[in-house]
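# Have a look at this fold, sequence not included:
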């Protein structure tokens, strides 16, 4: 593993440094060869670094800025606010080659827009797509894109998402000829929007791709496919519904665990064992472990964490960036698309 | 409670009479004043009625037909196939006043299209919308529409869905001034499609409605709103993602329950009590209990069950039709819209 330097938008997300610094500490602990460039308010960062015994750490550099991009402003406002903001400085560090990847939990629209402004898209890519690995019920992962970068897409862009997802699944999941599916409201050919019907017919003719047809959103985690392709509006709606349901059910069990008088009074190892088994099963499908969406199609690795991520989830977003850098994803996507073009 | 007659498309859904007849038996058992008109294959129906001791039951009439509408054909094909089909005959019984409501688990597009052909929409209604009560984490319900009847909608139709949902929530949930929300990929004003931004701005001016803004799909079951409004494509994607997650997690626990050697060896009442508590919690959010989507905006009650519903879930679809008939929903929607028109 070569040394990796990551640019961190420390201020991004709902909780800023209170989440990003503990996540950084965990990542450094897991992988001491990492280096970090931190962008944000030194007055907030320094005490937290001290708390995690990272004061003057040789692998951490801080670039102070008090400027942040607010989470709820439209891109046009965000871009005007962006000069010297923690997010923009982190992206510029990647652009300038000071870091191989950037992680931010900030304003998605701003991250997407600034990344496109600052970091070149790969040749032939019209629109980068937010791409995640989502957990499946059998403990595997499925690639899903776009998750919110593009509200409206053309047929051609949807086909590109399919091609990029195909390559991403080959590399990140180690698959040969991954199964590709379009997200739709039914599996029959006559279902869905005109766009989906047209792209479905086209993909059926693409014998270089293992396109297996439509998939419905109740099967997202069923491991019936390896790549789920959709426009960013649909993907965002589907993934958030899935995550919301998972989080709500997990919270129900956490509450039950805390409340249960039966459990407290019993204090039995047997009971604890059972709770642990339940709990571990739930952890397997815990979206925290799959936090991090990458802007696939850019020439560098840019990862968006959930704004509401906790430190553990933000750690996984950092890890997701590391995996992509180690696998040289941007170059592999570029090479893969060139090969598809020649067919 | 006045006597209610329901027309049942016995053949609709993935399992036909094997699901619909046991559900009918349960409904009759719960409410002996109900009457049923059954439409389907007598050779399949009769043995099942016998199994549930309902042979020659005075409240059950069978109209034999072997014709069915297949689940995976487009509406244009379905309508040509529909003559004497179990679904069409059930709808015709409602049209002719022989039954007050109709329940089918068959082809959604066909049910929607035939219902519109055969049963008049309410005055001023452009498009009926598939409407369900979805469960919330605190044991309440939220109205959600459209869930798949209309792939593309106009701004005006989305406003009508809002108005219908408002009245439906007032009556079915017993609320005054129910909270109304548009489903979107963010809660900020600049998020989402052009249509959503425009309808959002319009609804803010409607002081007769308690419109509270956008809601994201991870909050569907959070009881932050009483009515969730969206186009049918988005609603279908969101609800199926939610249901899929819930079903998958429940199946995880069912499997665990069956597998657990710890549990089998313990045979402890304490353990059973805990499993029961977990199980009951899961049942509260079990989508089975909330099966049934109504085509709101028609002059009669037409309920679509999930195609894959089990007998218990189909029973809830029957119950959903009964509740709407008892509450005189079509007339109340019509009266409510007329009053809104006058404002």
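Nice, I can see it. Not measured: the values here are computed from a predicted model.
# List the buried residues for stretch A:150-164?
When burial is assessed from 16 or more other Cβ atoms under 10 Å in any protein chain shown, stretch A:150-164 yields the following buried residues: A:150-151, A:153, A:157-164. Placement of C-beta: from N, CA and C, glycine included.
# do it and chain B meet at all?
Yes - residues of stretch A:150-164 contacting chain B under Cβ under 8 Å from any Cβ of the partner chain: A:151-152.
# mind listing what the residue positioned nearest the centre of chain A touches?
Central residue of chain A (Cα atoms, centre = their mean): residue A:293, 1.6 Å from the mean position. Residue A:293 sits next to A:130-132, A:147-148, A:303-304 when contact means Cβ atoms under 8 Å, 6 or more residues apart in numbering or on different chains.
# let's go with 10 Å and repeat that
Residues near residue A:293 by Cβ atoms under 10 Å, 6 or more residues apart in numbering or on different chains: A:108, A:111, A:129-133, A:144-149, A:235-236, A:239, A:302-306, A:317, A:320.
# Which positions in the stretch 1-150 of chain A make contact with chain B?
A:70-78, A:107-109, A:136-137, A:147-148 (Cβ under 10 Å from any Cβ of the partner chain).
# what comes into contact with the helix or strand harbouring residue A:212?
Assigning secondary structure by DSSP states H and E places residue A:212 in strand A:211-215. Applying Cβ under 10 Å, 6+ apart, the external contacts of strand A:211-215 come out as A:142, A:162, A:166, A:178-189, A:191-192, A:196-197, A:199-200, A:202-205, A:222, A:224-230.
# What average pLDDT does that strand get?
Across strand A:211-215, pLDDT averages out at 98.
# Given that strand, what are its sheet partners and their directions?
Here strand A:211-215 is paired, per DSSP bridges, with strand A:180-183 (parallel).
# next SSE after the strand it pairs with?
From strand A:180-183 onward toward the C-terminus, using DSSP H and E, the following helix or strand is helix A:194-204.
# elements contacting that next one?
Judged by 3 or more Cβ pairs under 10 Å, 6 or more residues apart in numbering or on different chains; DSSP states H and E, helix A:194-204 is in contact with helix A:155-172, strand A:180-183, strand A:211-215, strand A:227-229.
# can you tell me which of the ones you listed comes nearest to residue B:40?
strand A:211-215 (29.2 Å; Cβ to Cβ).
# From the chain's centroid, how far away is the closest one?
23 Å (Cα atoms, centre = their mean, to the nearest Å).
# thinking again about what came up before, buried members of the contacts of strand A:211-215 into ChimeraX, please.
Selection command for ChimeraX covering only the buried members of the contacts of strand A:211-215, criterion 16+ other Cβ under 10 Å:
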select /A:142,162,166,178,179,180,181,182,183,184,185,186,188,189,191,192,196,197,199,200,203,222,224,225,226,227,228,229,230
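# where's residue A:65 relative to residue A:88, distance?
Distance, residue A:65 to residue A:88, using Cβ to Cβ, to the nearest Å: 9 Å.
# Looking only at neighbour counts, state which of these two leads.
residue A:88 (29 against 20; other Cβ atoms under 10 Å in any protein chain shown).
# Provide a list of residues in contact with the more buried one.
So residue A:88 contacts A:9, A:39, A:65, A:67-69, A:78-79, A:81-82, A:95, A:104, A:106, A:110-111, A:114-115, A:117-118 (Cβ under 10 Å, 6+ apart).
# Just the buried ones from those residues?
Buried, going by 16+ other Cβ under 10 Å: A:9, A:39, A:65, A:67-69, A:78-79, A:81-82, A:95, A:104, A:106, A:110-111, A:114-115, A:118, out of the contacts of residue A:88.
# In helices only, show me the residues you listed.
When DSSP state H is applied, the buried ones among the contacts of residue A:88 are split such that A:78-79, A:81, A:95, A:110-111, A:114-115, A:118 fall in helices.
# just to revisit the earlier point, quickly check the buried residues of stretch A:150-164 for the two that are furthest apart.
Between any two of the buried residues of stretch A:150-164 (Cβ to Cβ), the greatest distance is 20.6 Å, for A:151 and A:163.
# Could you find the closest non-adjacent residue to residue A:3?
residue A:33 (5.4 Å; Cβ to Cβ, 6 or more residues apart in numbering or on different chains).
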